[in-house]
Every structure is written in C-alpha cells, then in structure tokens.
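J.: 3D, please:
(one chain, ligands or ions: 1)
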Amino acid sequence: MEAVGAAGGLLAALALLAFGLYCCYVKYIHAKHDHIPGAPRESFLFGHLPILWRMVRKQEFIHDLFLQWAEKYGPVVRVNAFHRVSVMILSPEGVKEFLMSPQYPKDRLVYGRMFNIFGERFLGNGLVTVCNHEHWHKQRKIMDPAFSRTYLMGLMETFNEKAEELMEKLEEKADGKKEFSMLTMMNRVTMDIIAKVAFGLELNALSDDQTPFPRAVTVVLEGMTKKHIPLMQYMPGKQKLVKEVKESVRLLRRVGKECIDQRREAMQNGKEATLDILTQILKGDALEETRDDESILDNFITFFVAGHETTANQLSFTVMALGQHPEILERVQAEVDEVLGAKRDIDYEDLGKFTYLSQVLKESLRLYPPVPGTVRWMEKEHIINGIRIPANTTLVFSTYIMGRMERYFKDPLTFNPDRFSKDAPKPYYCYFPFSLGPRSCIGQVFAQMEAKVVMAKLLQRFEFQLVPGQSFKLLDAVTFRPLDGVMCKLKPRSLARGCQA
Ligand code: HEM
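T.: Numbers count the residues shown, from 1 in each chain. Have a look, this model is predicted:
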C-alpha cells in the first residue's frame, strides 16, 4: 500500500515538474515573440484562445475580430495559443515577400489537419495540402496541361450544358413565390460540372435530389470545422456526426476508386484518354516508382471538393450582393443583354465581353472570398515592416482581412465593382482570393469561366429577389459561405418585365 502511495506521489511530482517546465517553455516563447504587436492575452497558457472560443460559442465570425486587431495593431499581428505563436501578415510587402517565393512552404501543422478526418484519410497529400516543395512541384507540373487555355476553351460546351440544366431547374421554381436556397442550387451545378469535366462522371446532382454527394460533401466539411474540438471523436453526443462524416469520406473515396479503375481499364483497352484532370492524375502516378492508389484518391477528392465548393460559394455570394444592390444588378443585366441578347450558348469569345460582370465577380471575391487566405511556415528569422519575426513561426495571410481594411480599399464595406474597372488603381498584394505565387489556385481561370457562364445565364433569364429576414452573414465552414444559404425568389425575366409594364 505504501509503495502504491509512494509511486502515486512520485507521479504527481513528475507531472507537476513537467507542467512547471512546460510553463517555463511558454514563458520563453512569450519573451521571444512579445515585441510583435498583438491584442492583450487573456490567459498565460491559452493565450488568445478563450476570446476566440467565446466567439465560436456565440456563433460570431472570428475573422471580424482579426480584422479589428489588424486595424488596431497591424499590419503585423501576433496570436498566441499555448506555446504556439502565429503571426498575421497584413501588409502588401509581407504578402509579396512570403507568397511569391517558393522558399516558404505551407505549414504542416495546419495542412496536416486535413490529411484525415476522424481517422479516415481525406485530402491526404493532394495538391492543396502537400507541403513538401519537390513533391508539390512534381504534381503541379503534371496537372498544369489540364488547365491550359486550349483545354479550358474546350470546356465551354459542358459549362453551357450544365448551366442550362440549372436554368431548367430554376424555371420550375420561378413563380415569384417559391423560396429556395441559391447556395444549394449553385453547389449542385458546380458539382455536376467538376464531376463531368474532371472525371468524366455524370453525377446528376441537379436532376436527382436523392444523390448522396452534395450531402456527403457538406457533412465532411462540417466534420472538418468541428474536428478541432478536443476529443470530439469520443464524445457520446457527437457519435452520430462522427459516424456520418466517416461514412461520407468513405463514400467519396469509394466512388473515386471506381472511377479510377474504370478509366484505367479503358486506357488499357486502347481507348484514347481525354485530357482531363483524371488522366493527368493517372499520368502522375505512372511516373512514380511505386503505384499508390491512396495518393491518386487524395487528388480525386482534392479536385472534387476544391473544384466546386468554392465556385458555388462565390456564385451565391454574388447573387446575394446583387440582390442588395439593384442599381448594380440593373447595370450588369444590361451588359449581359447587350452581349448575349436571346442567344443560348455562350461562346468563349463572349466571356471577354462581360467586362462589368467580371468586375462584379471580382468585387464579390473581395468582400466574400470563399477561401479567406493561406498559411506558411517560416524557418529562418525575418524582418518585415520593421518587425523581427523569430525563426520557426507560422505566418497567416488573409485576403478577407486585407480586402476590408480602410488603408487598402476606400470605404471598404461598400460593394463597388468599379474598384476593378480598367482605369482604377490595381490592388497589388492586398487582394488575393486565389492566393498568389507558386501555390496559387490552379483552377482560377476555370472557375471564373464557369462563374461567368452560370451568372450570365441567370441574369439573362431571371429577376431575383432576396427573401427578407435572412442574415447576410458569412459562415466559416473550412471555406466561407453565406450563413443562410441566400434564400431567393425568382421570376422569368419576360414575366418580370410584363409585371412592371
Ligand atoms: C471561386 C473559386 C475558387 C477559389 C476562390 C479558389 C481559391 C483557392 C485558393 C485561395 C487556393 C490556395 C489555398 C491555400 O493556399 O491553402 C487554391 C488552391 C487550389 N485550388 Fe482553388 N479556388 C477556386 C476554384 C478552384 C477550382 C475550380 C479548382 C479545380 C478545378 C481549384 C483547385 C485548386 C487546387 C488544386 C489548389 C492547390 C494548388 C497548388 O497548391 O498547386 N480551385 N484555390
């Protein structure tokens, strides 16, 4: 008995010693970073976390607090959490220095969190999450041809076809009374598009309400947002969600596997492969010494998720902004009428004529970027904006915050597409909704072609009205999306004009 007591005492003493040493380490980290401006810490150990936890509990948008900190303490701002310090870099000099150079890899701790969810492999080492520069560069070089101008021009037919299917679905709703979520509809169309053009899959998310894919993606992203809650995986009340998340990840990977097997078989049978994203993923694998189906699936999931969610969010935010600004809506609608008239199929050449629509889409990305920013790891000490940042620090970049800062954009909260007119000054290194430099979005041109086709058809055919009473807040769900889903009512345009007459 005495021995047990002694062992217990020893363990307690060791635990106390370990805790004491850890506190000394935290103190040392504070001393090393406290010259960097930042809001007062609320807790020695937890740093700024209690403030953020409180906001998350109240369902407040923490990026708006970061914006306040940026205005008050910026442009270089420290955030503490235990022994970790992240530094937000909110100056054009900093953005240019760190994002344009291949020297600063993505932060493993941040991107590694997306490797799996609740033990199920999710994005793994796909193109978005891979941190090792060589590994990334090899993948990116192989994927680039699937995003070349000539290849993208060939996608116009699918963009038109799927956008037309969306218009048919919207026509069914367009009685001026039915209320529906524009986000849901945009998610379905962009999902059908990416499945078809990237993998040759007809998902029919638009026509088939029962297809499990849209739900699976929503559930997985919900899992991603919630998984940082400590021990969530083991909480009795959360088992249903955890199970559903795991099943959804398995579903996505299973379909990916079937799709890959079919394509390989077709290629082995001498069928000429289309130059799509899947072909490029398989080519990349063929160059590897050992076949690794898990890595192929990482990219299947990466392109499937990154290739539709973001565009759907951009499109629905744009509808939200236009619904709030009738004069801008009228102007963009007039442009679409002028370029298209009653024409159904939009040509590649037409896209260049949508000057104002393009400005509207850019302005939407400034105020409502679907991806708020990016994170880098800095291995060596660096001085930026006169502030010394110690080695081995996580650097955070946010186009959401910079896009809303008075010092970079006059009257920043006003939705004003003229900021992006030909003669306006260019927002260098303070606006980067597709990130910048080597790790910038491979799908930027793809996404903006697709967005223009969908928006132009929508504006050509319908008058839309936002359902009153909804909030126009943002939700941080890995990507930023409209919290209330942009609830709309539609009328066909001829009918709407008839009503006005
Ligand atoms: C409005 C739509 C889109 C937005 C706002 C967007 C934004 C971004 C951003 C900010 C990044 C950098 C992420 C980071 O640093 O962690 C990124 C990377 C990426 N995006 Fe997009 N994206 C969009 C559409 C697309 C589409 C349509 C595709 C594919 C067809 C795509 C595929 C990718 C991939 C593969 C990467 C990783 C690139 C690399 O590291 O080499 N994205 N995107």
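
J.: Skipping its backbone neighbours, what lies nearest residue 49 in space?
T.: residue 81 (5.0 Å; C-beta to C-beta, 6 or more residues apart in numbering). Where you see a C-beta, it was placed from the backbone N, CA and C, and this is true even at glycine.

J.: So what sits opposite the one you found in the bridge?
T.: residue 84 (DSSP bridges).

J.: all strands for the chain, in order.
T.: Along the chain, counting by DSSP state E, strands occupy 76-81, 84-89, 116-117, 120-121, 180-181, 373-378, 382-384, 387-389, 393-398, 462-466, 474-477, 479-482, 487-492.

J.: Any chance of CSV for the ones you listed, columns mean pLDDT and distance to the ligand?
T.: Below are the strands of the chain laid out as CSV (pLDDT from 0 to 100; distance: least, C-beta to the nearest ligand atom, whole Å):
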stretch, mean pLDDT, distance to the ligand
strand 76-81, 97, 18
strand 84-89, 97, 14
strand 116-117, 91, 17
strand 120-121, 94, 17
strand 180-181, 97, 18
strand 373-378, 98, 3
strand 382-384, 97, 19
strand 387-389, 98, 19
strand 393-398, 98, 8
strand 462-466, 95, 20
strand 474-477, 92, 14
strand 479-482, 95, 8
strand 487-492, 97, 20
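
J.: Show the contacting residues for residue 483.
T.: Listed by C-beta atoms under 8 Å, 6 or more residues apart in numbering, the contact partners of residue 483 are 471, 473, 474, 475.

J.: Just the buried ones from those?
T.: 474, 475 (16 or more other C-beta atoms under 10 Å).

J.: if we take the contacts of residue 483, which one ends up nearest to residue 97?
T.: Proximity of those to residue 97 (C-beta to C-beta) peaks at residue 474, which lies at 28.3 Å.

J.: Which residue is the nearest non-sequential neighbour of that closest one?
T.: Nearest residue to residue 474, sequence neighbours excluded (C-beta to C-beta, 6+ apart): residue 480, at 4.9 Å.

J.: so the one you found bridges to which residues?
T.: Note on residue 480: beta-bridge partners by DSSP bridges are residue 476.

J.: Ok, the one 10 residues further on next?
T.: With DSSP bridges as the criterion, the beta-bridge partners of residue 490 are residue 464.

J.: So what's the residue count around it?
T.: Close neighbours of residue 490, defined as other C-beta atoms under 10 Å, add up to 25.

J.: I'd say it and residue 176 touch.
T.: Yes. Counting by C-beta atoms under 8 Å, residue 176 is a contact partner of residue 490 at 7.3 Å.

J.: Return the residues of the stretch 401-501 of the chain in contact with the ligand.
T.: Residues of the stretch 401-501 of the chain found near the ligand (C-beta under 6 Å from any ligand atom) are 433, 434, 435, 439, 441, 442, 443, 446, 447.

J.: Going by distance to the ligand, which of those residues wins?
T.: residue 443 (2.3 Å; C-beta to the nearest ligand atom).

J.: OK, contacts around the closest one?
T.: When the contact criterion is C-beta under 8 Å, 6+ apart, the partners of residue 443 are 147, 306, 307.

J.: Dump these to TSV, plus neighbour count.
T.: Converted to TSV, these look like this (neighbours: other C-beta atoms under 10 Å):
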residue	neighbour count
147	17
306	22
307	23
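
J.: how about the residue nearest to residue 474, what does it touch?
T.: Contact analysis of residue 480 by C-beta under 8 Å, 6+ apart lists 313, 368, 369, 370, 371, 372, 400, 474.

J.: Now flag whichever of the residues you listed is closest to the ligand.
T.: Closest to the ligand, out of all of those and judged by C-beta to the nearest ligand atom, is residue 371, at 3.6 Å.

J.: didn't that closest one look like it was pressed against residue 310?
T.: Yes. At 6.1 Å, residue 371 counts as touching residue 310 under the criterion of C-beta under 8 Å.

J.: which neighbours do those two share?
T.: Listed as contacting both residue 371 and residue 310 by C-beta under 8 Å, 6+ apart are residue 479.

J.: So in the protein, where's the weakest helix or strand by average pLDDT?
T.: Least confident helix or strand of the chain, by mean pLDDT, DSSP states H and E, is helix 493-500 with a mean of 54.

J.: low-scoring stretches of the protein, by residue?
T.: Along the chain, segments meeting pLDDT under 70 span 1, 230, 495-501.

J.: Which residues of it lie near the ligand?
T.: Proximity of the chain to the ligand (C-beta under 6 Å from any ligand atom) is limited to residues 127-128, 140, 302-303, 306-307, 310-311, 314, 370-371, 374, 433-435, 439, 441-443, 446-447.

J.: Inside helices: which ones of those?
T.: Cross-referencing the residues of the chain next to the ligand against helices under DSSP state H gives 140, 302, 303, 306, 310, 311, 314, 446, 447.

J.: number of nearby residues for the fifth one?
T.: Yep, that's residue 310 we're talking about. Residue 310 has 24 neighbouring residues, counting by other C-beta under 10 Å.

J.: what residues are up against it?
T.: 370, 371, 447, 479.

J.: Quick check: nearest residue in space to residue 80, chain neighbours excluded?
T.: Nearest non-adjacent residue to residue 80, counting by C-beta to C-beta, 6+ apart: residue 47, 2.8 Å away.

J.: does the one you found have beta-bridge partners, and which?
T.: Going by DSSP bridges, residue 47 forms beta bridges with residue 43.

J.: so it sits right up against residue 78, yeah?
T.: No. Taking contacts as C-beta under 8 Å, residue 47 lies outside contact range of residue 78: 9.2 Å.

J.: top helix in this structure by residue count?
T.: In the chain, assigned by DSSP H, the helix with the most residues is helix 2-33.

J.: Could you pull out the buried residues of that one?
T.: By neighbour count with 16+ other C-beta under 10 Å, helix 2-33 contains the buried residues 26, 29, 30, 33.
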